[in-house]
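In: for reference, the sequence and a predicted model appear below.
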Amino acid sequence: MKALSDCTILVTPSSFGRHDPRLLSLLAESAGEVISNERGRPLTSDELRDILPGCDGYIAGQDHIDARALEQADRLRVIARYGVGVDRVDLGAAQSRGIIVTNTPGANADAVAELSIGLMLALARQIPHANQRTRSGEWPRLSGLSLAGSVVGLLGMGAIGQSVARRLRGFTCILQAHDPFVSSDQAEQLGVQMVELDTLVANSDFLSLHLPTTPETLGLVDADFLARMKRGAYLINTARGELVDETALHQALQSGQLRGAALDAFRQEPPDADNPLFGLPQVIVTPHMGAHTAGAVNAMGWGALSDCLAVLSGKPPKHRVV
């Protein structure tokens with residue numbers, strides 16, 4: 001097995017080591033060569049095909065790591081995801097080539113939870129709209145919706161969903177959730193009532209998505225789903241853009257079926273500047289920044305680096321996916 005000091009490691013997340021230079025120092029000291037992503041955005045499959053040959057390790061951001069890209073990974077032994085989601089990694093292709101895939105579960109849970117709640121409050125109180133009009137010289141009398149007494153639905157109760165629930169208890173809202181992998185006893189400790197999906201969709205004044213992208217959840221929030229939501233409800237997505245049919249969402253917002261939406265994730269990232277959702281004032285958009293706090297970035301960095309170096313040193317990683 002090649003010595004770690006002779007290995008080449010590709011690092012694509014632009015925020016890796018931004019808040020803790022020790023990450024970059026340890027990486028440089030440990031590896032023979034480090035290749036950085038100079039593009040400042042996730043890499044496409046075609047771009048990876050040009051870069052992966054000769055790489056032994058790969059600390060991966062939101063790149064499109066499909067089977068075609070991995071065909072060129074002649075020396076790759078580990079893909080250490082900088083984050084929890086592995087929906088953009090072809091796990092089957094990686095496994096067939098003997099490539100270990102790891103992730104960093106829980107590292108960004110608090111950061112994403114805080115943004116989710118911030119977006120709920122911004123929607124409920126029309127904060128962006130109020131800011132814009134006040135800056136333009138107006139003094140509008142805007143009426144908002146209080147979280148207190150409202151039903152907040154959490155679709156998905158993994159680490160992020162649970163972190164949202166813990167923080168929302170202080171708002172005295174009614175917390176409901178759907179997740180087939182979470183028991184009623186676990187939910188009860190968080191003050192959450194577990195309900196069926198149809199019940200959650202129909203009851204929620206605010207519905208917050210905290211699901212991974214899987215064959216079962218891809219496009220889950222479609223026209224039928226949106227039609228079953230409470231009229232005048234709000235949708236918050238800080239998970240994955242692939243969960244939502246954006247055309248159907250645009251129609252639901254235009255018709256008044258939904259009062260507003262806040263989106264930190266899109267099917268295409270970055271989205272086109274002429275995305276129809278951008279033209280709706282009741283939509284708040286952010287650039288997939290949920291995980292980007294100093295604490296979360298550091299935790300993801302150390303988790304991904306530790307597992308990457310472990311595999312290249314012949315040791316078992318802490319958070320192996322396949």
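Out: Received the coordinates, thanks. Residues are numbered from 1 along each chain as shown.

In: any stretches of this structure with poor pLDDT?
Out: Screening the chain residue by residue with the criterion pLDDT under 70, one finds no matching range.

In: pull out the buried residues from the longest helix seen in it.
Out: In terms of residue count, the longest helix belonging to the chain (DSSP state H) is helix 294-312. The neighbour-count check on helix 294-312 (16 or more other Cβ atoms under 10 Å) flags 296-312 as buried. Using the backbone N, CA and C atoms, a C-beta is placed for each residue, glycine as well.

In: return the residues in contact with Glu246.
Out: Residues touching Glu246, when contacts are defined by Cβ atoms under 8 Å, 6 or more residues apart in numbering, comprise Phe266, Arg267, Asn275, Pro276, Leu277.

In: which SSE is the residue nearest in space to the middle of the chain in?
Out: Note on the chain: the residue nearest the mean C-alpha position is Ala239, at 4.0 Å, using Cα atoms, centre = their mean. When secondary structure is defined by DSSP states H and E, Ala239 falls outside every helix and strand.

In: would you mind measuring from the closest residue to it other than its chain neighbours to Ile65?
Out: In space, not counting the residues next to it along the chain, Ala239 is nearest to Leu209; the distance is 4.7 Å by Cβ to Cβ, 6 or more residues apart in numbering. Using Cβ to Cβ, to the nearest Å, Leu209 is found at 23 Å from Ile65.

In: and those two? Which one has more around it.
Out: In terms of neighbours (other Cβ atoms under 10 Å), Ile65 is the more surrounded of Leu209 and Ile65; the figures are 28 against 25.

In: what's across from that one in the sheet?
Out: With DSSP bridges applied, Ile65 shows beta-bridge pairing to Val89.

In: ok, now which ones touch it?
Out: Taking Cβ under 8 Å, 6+ apart as the definition of contact, the neighbours of Ile65 are Ser45, Leu48, Ile79, Arg88, Val89, Asp90, Ala94.

In: which one of those sits closest to Arg141?
Out: The shortest gap between Arg141 and any of these belongs to Arg88, at 45.3 Å (Cβ to Cβ).

In: spit out the contact partners of that closest one.
Out: Each residue near Arg88 by Cβ under 8 Å, 6+ apart is listed here: Gln62, Asp63, His64, Ile65.

In: how about Met194?
Out: For Met194, the contact set (Cβ under 8 Å, 6+ apart) comprises Met157, Gln176, Ala177, His178, Asp179, Val182, Ser183, Ser184, Ala187.

In: then Leu142?
Out: Counting by Cβ under 8 Å, 6+ apart, Leu142 touches Arg125, Gln126, His129, Ala130.

In: tell me how far it lies from Gly260.
Out: Relative to Gly260, Leu142 is positioned 13 Å away (Cβ to Cβ).

In: any idea whether Met289 is helix, strand or coil?
Out: With DSSP: H, G, I helix; E, B strand; the rest coil as the basis, the three-state label of Met289 is coil.

In: could you pull out the helices for the stretch 201-322 of the chain?
Out: 223-228, 246-255, 294-312 (DSSP state H, counting those that start in this stretch).

In: who are the packing partners of the last one?
Out: The criterion is 3 or more Cβ pairs under 8 Å, 6 or more residues apart in numbering; DSSP states H and E, and the helices and strands that helix 294-312 contacts are helix 21-30, strand 57-60, strand 78-81, strand 100-102, helix 109-124.
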